[in-house]
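1. Take this sequence and fold it.
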Amino acid sequence: MLTRIKSVYMFINERGTVTTQQLVDEFGITPRTIQRDLNVLAYNDLVHSPTRGKWATTKKKVKMSS
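-> Numbering: from 1, shown residues only. The predicted structure follows:
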């Protein structure tokens, strides 16, 4: 699960702003699962939703390890 959440974060970070549907299509998981992952990222102040159904990363610095 953490690997998927990290991948979701990196996908959003690379593209700037993405829709929930783009994430569903990219990762092949249900909208509910994507929403749970986004909730984890939002709780940790790593992503925010500038408009309903769209997501972008915050300015918070993140250390990425393998």
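2. would you list every one of the helices in this structure?
-> Here the chain has its helices, by DSSP state H, at 2-15, 20-27, 31-43.
3. So what's the residue count around residue 64?
-> Using other CB atoms under 10 Å, residue 64 has 8 neighbouring residues. Where C-beta positions appear, they are placed from N, C-alpha and C, glycine not excepted.
4. Please apply the same query to residue 35.
-> Quick note: residue 35 (other CB under 10 Å) scores 13 neighbours.
5. same thing with residue 23?
-> Each residue near residue 23 was counted by other CB under 10 Å, and the total is 21.
6. Show the contacting residues for it.
-> Residues in contact with residue 23, defined by CB atoms under 8 Å, 6 or more residues apart in numbering, are 8, 11, 12, 34, 38, 55.
7. Show me how to select, in ChimeraX, the buried members of those.
-> Buried residues within those, by 16 or more other CB atoms under 10 Å, are selected in ChimeraX with:
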select :8,12,34,38,55
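8. Make JSON lines from the contacts of residue 23 and add distance to residue 22 to it.
-> Output for the contacts of residue 23, formatted as JSON lines (distance: CB to CB, whole Å):
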{"residue": "8", "distance to residue 22": "11"}
{"residue": "11", "distance to residue 22": "8"}
{"residue": "12", "distance to residue 22": "9"}
{"residue": "34", "distance to residue 22": "10"}
{"residue": "38", "distance to residue 22": "12"}
{"residue": "55", "distance to residue 22": "9"}
